[in-house]
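# please find the sequence and the predicted model below.
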Amino acid sequence: MTLRQVAVRAGVSRQTVSNVINAPDRVEEATLRKVQAAIEALGYQPNRTARSLATRQAGLIGHCLARHPGRSLFMDPFLHALTEAVERTGRRMLVFTAPDGAGGLATYADLVAQRAVDAFILSDTVGDDPRHTWLAGRGIPFASFGRTWPAHGEQPGPWVDVDGAGACAEMVGRLHSAGHDQIAFVGWCDPVPMGAAHDRRRGWQEECRRLGLSEQSACADSDSMQAAARATAVLLDDANPPTAIVAASDLLAVGVLTEVRRRKLRPGHDVWVTGFDDSVLASSVDGGLTTVSQPTAEITSALVRLLDAGAGHSGGVLLRGRIVARGSAPID
């Protein structure tokens with residue numbers, strides 16, 4: 001099957017077919033639909049190497065894998081959905097690793113210099129993440145899953161995020177409506193002043209203050225169930241122990257459940273426990289874990305859409321998390 005056969009079938013020139021494949025924005029909508037119908041009818045598959053040479057594009061989107069084991073519980077399905085979203089546009093993902101922070105910028109620079117990728121989709125963002133400023137300053141296309149909360153001005157480049165503060169505030173409100181007045185929080189001992197951990201804690205804290213509740217919290221010194229269990233022990237040893245605990249992730253929540261059960265307390269009865277991410281852990285623990293589900297398909301589709309919006313596009317999309325109730329906290 002050749003480009004010429006597609007052109008004959010569609011009744012257009014070979015150049016028009018080439019434009020539809022390589023630069024569809026240059027083609028009128030009616031012609032675009034006609035050529036796409038011919039391509040589909042004939043089962044034509046463009047030669048990726050030839051296309052890359054013609055457009056000087058690799059047809060690949062770069063994505064750096066998370067280096068934190070706990071995050072993989074959400075990032076694995078996220079990466080799968082992101083790959084599907086990118087492939088629907090005729091491109092592929094190039095997955096790589098890099099050191100955290102400014103030390104990882106050399107890896108991005110190498111990929112750009114080698115023309116190995118056309119753009120990047122970032123994740124695992126932190127406060128004042130250096131990658132965004134570095135990429136934006138060089139005119140390299142990218143979109144970010146997560147905010148950087150810059151101290152001044154707008155975040156460089158387009159972003160998509162889930163409203164962690166809003167979801168945790170809603171969780172506190174629903175726990176309070178179920179009769180809980182002692183609602184604690186278990187998060188990470190995070191040295192970064194802004195980020196997902198801070199955002200989720202802020203939502204819990206602001207809702208506790210709005211409702212006039214005490215603010216009990218403890219932090220896990222590592223991203224592990226064991227660290228979360230130790231943090232939970234501190235809370236449960238208090239003279240006024242919490243009757244509900246909001247954890248910043250499903251992994252931490254399982255650690256909370258471990259300590260609750262070790263003390264012969266019943267999750268969902270004596271102590272209610274919630275997580276965040278709706279990972280595979282949430283549905284696999286005994287009785288199930290009440291958690292916040294992130295709209296993965298919506299996140300990844302929005303990232304690809306923003307990436308293709310063109311250079312200079314900025315601003316973000318803030319999506320709502322959905323509470324999924326299970327046995328660990330049977331909220332209505």
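Thanks, I have the structure now. Numbering: from 1, shown residues only.
# name the nearest residue to the residue nearest the centre of the chain, sequence neighbours excluded.
By Cα atoms, centre = their mean, the chain has its centre lying nearest to Phe145, at 5.0 Å. Spatial nearest neighbour of Phe145, chain neighbours left out: Ser123 (4.4 Å); criterion: Cβ to Cβ, 6 or more residues apart in numbering. In this view, the C-beta of every residue, glycine as well, is placed from N, C-alpha and C.
# count of neighbours near that neighbour?
Neighbour count for Ser123, taken as other Cβ atoms under 10 Å: 20.
# contacts only, for it.
Contacts for Ser123 (Cβ atoms under 8 Å, 6 or more residues apart in numbering) come out as 63-64, 66, 75, 78, 144-146.
# show me just the buried residues among those residues.
Taking 16 or more other Cβ atoms under 10 Å as the criterion, what is buried in those is 63-64, 66, 75, 78, 144-146.
# lowest-confidence one in these?
Checked by pLDDT, the buried ones among the contacts of Ser123 have Ala66 as the lowest-scoring entry (76).
# Throw the contacts of Ser123 into JSON lines and include distance to Gln205, thanks.
Output for the contacts of Ser123, formatted as JSON lines (distance: Cβ to Cβ, whole Å):
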{"residue": "His63", "distance to Gln205": "32"}
{"residue": "Cys64", "distance to Gln205": "31"}
{"residue": "Ala66", "distance to Gln205": "26"}
{"residue": "Met75", "distance to Gln205": "26"}
{"residue": "Phe78", "distance to Gln205": "27"}
{"residue": "Ser144", "distance to Gln205": "25"}
{"residue": "Phe145", "distance to Gln205": "24"}
{"residue": "Gly146", "distance to Gln205": "20"}
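# so which of those residues sit within strands?
Members of the contacts of Ser123 lying in strands (criterion: DSSP state E): 63-64, 144-145.
# adding distance to Val17, write those out as a markdown table.
What follows is the ones in strands among the contacts of Ser123, written out as a markdown table (distance: Cβ to Cβ, whole Å):
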| residue | distance to Val17 |
| --- | --- |
| His63 | 31 |
| Cys64 | 36 |
| Ser144 | 35 |
| Phe145 | 35 |
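# with the contacts of Ser123 in mind, which one is nearest to Ile299?
Nearest to Ile299 among the contacts of Ser123 is Phe145, at 6.3 Å by Cβ to Cβ.
# how about the helices in the chain?
Assigned by DSSP state H, the chain shows helices spanning 3-10, 14-22, 29-42, 48-55, 72-87, 105-113, 130-137, 164-177, 196-211, 225-236, 250-262, 280-284, 296-307.
# just the CA atoms of stretch 325-332, as PDB, please.
Only the C-alpha atoms of stretch 325-332 are listed here, as PDB (Å, rounded to 0.1, in the frame of the first residue of the first chain):
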ATOM      1  CA  ALA A 325     -16.500   4.100  50.100                       C
ATOM      2  CA  ARG A 326     -15.500   0.700  51.400                       C
ATOM      3  CA  GLY A 327     -15.400  -1.100  54.700                       C
ATOM      4  CA  SER A 328     -12.600   0.800  56.400                       C
ATOM      5  CA  ALA A 329     -14.800   3.900  56.600                       C
ATOM      6  CA  PRO A 330     -18.400   3.100  55.600                       C
ATOM      7  CA  ILE A 331     -19.400   6.700  54.800                       C
ATOM      8  CA  ASP A 332     -22.700   7.300  53.100                       C
END
